[in-house]
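[1] Got a predicted model here, sequence first, then my questions.
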There are 4 protein chains.
Amino acid sequence: MSLGISIAPASDIPIFRQIIQQIQQAVALGRLQVGEQLPAIRVLAETLVINPNTVARAYQDLIRDGILESRSGRGVFVSQKRQVFADAERQRRLRQATEQLCHEAILLDFDLPQVRHTLEETWSDLKESAVPTSPDAKESLP
Amino acid sequence: MSLGISIAPASDIPIFRQIIQQIQQAVALGRLQVGEQLPAIRVLAETLVINPNTVARAYQDLIRDGILESRSGRGVFVSQKRQVFADAERQRRLRQATEQLCHEAILLDFDLPQVRHTLEETWSDLKESAVPTSPDAKESLP
Amino acid sequence: MSLGISIAPASDIPIFRQIIQQIQQAVALGRLQVGEQLPAIRVLAETLVINPNTVARAYQDLIRDGILESRSGRGVFVSQKRQVFADAERQRRLRQATEQLCHEAILLDFDLPQVRHTLEETWSDLKESAVPTSPDAKESLP
Amino acid sequence: MSLGISIAPASDIPIFRQIIQQIQQAVALGRLQVGEQLPAIRVLAETLVINPNTVARAYQDLIRDGILESRSGRGVFVSQKRQVFADAERQRRLRQATEQLCHEAILLDFDLPQVRHTLEETWSDLKESAVPTSPDAKESLP
DNA sequence: GTGGTCTAGACCACG
DNA sequence: GTGGTCTAGACCACG
């Protein structure tokens, strides 16, 4: 739908985490704007044919992390974006994630050009799923 | 200690998987050479203050992936490197590892050039620190 | 029971390996189809009167080889068939299995024509008894 | 030595079993004749650079199975050959071993010609190792 | 001494 | 309900 969330039931990534990832990405990529409302738990659960508890869990985690916020009686919204991590911390985390990829790649006997290529391919695949403008479904910020 | 394996009990990564990662890294970087013997299960378990079964589980998994091999009654050794996985499977695993990096990077608000740069930097750092393969690291019989 | 798994506790083959073999056979012969769900660990353990951990171990190994897959919170399923191993590795495994047969045959005083004949006979028997792949054997959600 | 036994220390087959297999084969292939004497335990152990207990274990098992016999004070000899299994039992065992190979092969996606070819190759390799004279007993990694 | 298998049972994550 | 991880401890096979 407008959110474009899709889940892979056979994936080894838990469903609630797949939802979290996709919402995080949508926010990071600007596809979900600050203040925008998310689909109601039951609606999204029905759309994805999954258990409502699973959606609730995902929303709950995102609220706890300050990415979404619940406005009682009205629904769940994208909250004011805030930079959670200091720059040094961001760098540290990126570096660590990159090291993990490198270790796996070396073990699988890939070389740098192959890894770089896969990175660029994967990155644009993820970007592609992010359509530039999200025209509707806004509510004024408090 | 010579192996330098350490575990973070509070991490969300299971202990046996932390051990696997660190041994894989040691092998990938040449800190563990082909034919070299690993610490006995009970010894490593005592060092890390965890249950021997947990170490055994890690060793088992590495044996199944062809990275280690068990010689009955004598111990566990780094096995001759061989290509276990089909190309499609290697690609699949590389792709999955890359996706993890991308998810993290997007979440941290990095863009592609920054990630690519970190990749290249990290890759050469790892390659530089890698120990060259020694011609004969063989089992010494007592 | 629908799976028809049975174990011989007195056998010198470990229980978890007996389970693996029988599930592999069922998949190879099409008695277990892609997407089909396996009995819950605790259920199969109760049926076979063994410890759940032993069943879990068998399932784990089959998951690692790409034959089964776990969908978190829902159960274990037969996964889409894919080529996990490189050609050299496939050859290695075939060769090893063949050596076992030859050792046994030589020990039993058979000669090559007799073994070859038994191979051809057994092969066509198995192929005949194989269940054809059904187009859609999918998970049925309760 | 004259026996031509070689062991692969890195193999996943226990050493004592490797010895058993090779002696059984030598007897089945006529390379070791009825009444022929085997090397003393200590001699063979020294030749293969393994623990004497391991050789003793192998000899013990072969004696228990009636393939060798110990003549006190003089050594261990190939015993009068006797057909241990009835024909039906031989057939049954051959058939079962063949089925195991077929299951593995099907799972690895081989077809009959490939399996037949590997069988013939493996068989002649084993036969070949039964050259009347074997100059040296090597222990070496491939 | 080495690793491999199995049991019993706890506790957690996911849906 | 489902599977996944970990501990504690027994017993066995191999060298």
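    Arrived safely. Numbering: from 1, shown residues only, chains lettered A, B, ... in the order given.
[2] Which helix in chain A has the most residues?
    Secondary structure assigned by DSSP state H gives helix A:87-107 as the longest helix of chain A.
[3] For it, name the packing helices and strands.
    Counting contacts by 3 or more C-beta pairs under 8 Å, 6 or more residues apart in numbering or on different chains; DSSP states H and E, helix A:87-107 packs against helix A:112-128, helix B:15-28, helix B:87-107, helix B:112-129. Bear in mind the C-beta positions are built from the backbone N, C-alpha and C, glycine included.
[4] nearest spatial neighbour of A:Arg57, skipping sequence neighbours?
    Counting by C-beta to C-beta, 6 or more residues apart in numbering or on different chains, the nearest residue to A:Arg57 once its immediate chain neighbours are dropped is A:Phe16, at 4.5 Å.
[5] Just to check, that neighbour is in contact with A:Ala58?
    Yes: with contacts counted by C-beta atoms under 8 Å, A:Phe16 reaches A:Ala58, the gap being 4.5 Å.
[6] Quick check: pLDDT value at the closest residue to chain C within chain A.
    Chain A approaches chain C most closely through A:Pro14 (4.7 Å), counting by C-beta to the nearest C-beta. Turning to A:Pro14, the model gives it a pLDDT of 92.
[7] Run a quick neighbour tally on the residue nearest to A:Arg57.
    Number of residues near A:Phe16 (other C-beta atoms under 10 Å in any protein chain shown) recorded here: 22.
[8] Let me see the contact set for it.
    A:Phe16 makes contacts with A:Thr54, A:Val55, A:Arg57, A:Ala58, A:Asp61, as judged by C-beta atoms under 8 Å, 6 or more residues apart in numbering or on different chains.
[9] same question, A:Cys102
    Counting by C-beta under 8 Å, 6+ apart, A:Cys102 has contacts A:Val115, B:Leu119, B:Thr122, B:Trp123, B:Leu126.
[10] Go ahead and report the secondary structure state at the residue with the largest distance to the centre of chain A.
    In chain A, the residue that sits farthest from the middle, by C-alpha atoms, centre = their mean, is A:Asp109; the gap is 30.3 Å. Judged by DSSP: H, G, I helix; E, B strand; the rest coil, the three-state class of A:Asp109 is coil.
[11] Without its sequence neighbours, what residue ends up closest to it?
    Distances taken as C-beta to C-beta, 6+ apart place B:Gln83 nearest to A:Asp109, at 6.9 Å, with adjacent residues excluded.
[12] how many neighbours does the one you found have?
    15.
[13] Model confidence at it, what's the number?
    89.
[14] The one 5 residues further on too?
    In this prediction, B:Ala88 carries a pLDDT score of 94.
[15] Okay, buried residues for stretch A:104-117 please.
    Neighbour-count burial for stretch A:104-117 flags A:Glu104, A:Ala105, A:Ile106, A:Leu107, A:Leu108, A:Phe110, A:Val115 (criterion: 16 or more other C-beta atoms under 10 Å in any protein chain shown).
[16] The last one contacts B:Ala97, doesn't it?
    No: counting by C-beta under 8 Å, A:Val115 sits too far from B:Ala97 to count as a contact (9.1 Å).
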